[in-house]
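# Provide a 3D model corresponding to the input given below.
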Amino acid sequence: MKNNPLFTDVTYYEGTEIEEIGWDWFTKSGRSIMQFKKGSQSLYSVRPNFTARFKLSEVVANFGTPDYVEAGAVLDVTNTQRNKYWLAFIYLGTGLIVVSNNINTLPVLNDPALLIDDVYFIYPSVEGYEAMYGKGALRFLVPWQGYKDFLFYCRDPYGDGQKDCNWIVSRLATATPTK
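Now for the predicted structure:
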């Protein structure tokens, strides 16, 4: 890529578990990350960074409804201002994952204004998904069953994927903001 004039600022990042190559493309308006398993030559994820966010309704209009939804919440007991929700819409058959993250209030799936923050392209298969998120990660996915309540899709991230995450959401709702 360093020899291609369309790409500038090609940077190689080495981590403990993954290796990444980042680059700026065209007018440096975005950044992309390609992820590799450490020691492997197999690419398992490409994440373009768009300068503008877009809506879930636009994704559904172009790609149809997703195959799966992953919904979750992160509870930070030391700083409740860092409590967050996230939604990932997985199109496993085409290798597309769109994510709405860092949501401060309980998200509504059928909100036409729900914004997408991240887009990932993976190998379109269970193996491609597990390469990115690890073996057993599928247990947190719930097959798409329409625009249901967030709690319908949310699973306890500390469990086996069968238990809902109502206890986390309840704690988030009653948490006192810290300063």
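# list the contacts for residue 147?
Counting by C-beta atoms under 8 Å, 6 or more residues apart in numbering, residue 147 makes contact with 109, 110. For glycine as for every other residue, the C-beta is placed from the backbone atoms N, C-alpha and C.
# same deal with residue 91?
Residues in contact with residue 91, defined by C-beta under 8 Å, 6+ apart, are 63, 64, 66, 67, 97.
# Looking at the record's assignment, how would you partition the chain?
Domains of the chain are assigned by automatic domain parsing as 1-52, 53-174.
# Where among the ones you listed is average confidence lowest?
Of all the domains of the chain, domain 1-52 carries the lowest average pLDDT, namely a mean of 61.
# all strands of the chain, in order?
Along the chain, the segments classed as strands by DSSP state E run 7-14, 18-25, 31-37, 43-49, 54-55, 68-74, 84-91, 96-103, 115-116, 118-121, 142-143.
# which of the contacts of residue 91 count as buried?
66, 97 (16 or more other C-beta atoms under 10 Å).
# which one of the contacts of residue 91 sits closest to residue 125?
residue 67 (11.5 Å; C-beta to C-beta).
# Nearest residue to the closest one in space, please, no chain neighbours.
residue 92 (4.6 Å; C-beta to C-beta, 6 or more residues apart in numbering).
# Now do the same contact list for that neighbour.
Counting by C-beta under 8 Å, 6+ apart, residue 92 has contacts 67, 68, 124, 125, 126, 129.
# Go again with 7 Å.
Contacts for residue 92 (C-beta atoms under 7 Å, 6 or more residues apart in numbering) come out as 67, 68, 124, 129.
# show me what contacts residue 60?
Per C-beta under 7 Å, 6+ apart, neighbours of residue 60: none.
# Kindly provide the distance from it to residue 83.
Per C-beta to C-beta, to the nearest Å, residue 60 is found 27 Å from residue 83.
# For the nearest residue to residue 130 once chain neighbours are set aside, grab the count of nearby residues.
In space, and not counting its chain neighbours, residue 130 is closest to residue 137: 5.9 Å by C-beta to C-beta, 6+ apart. For residue 137, the count of nearby residues is 15 (other C-beta atoms under 10 Å).
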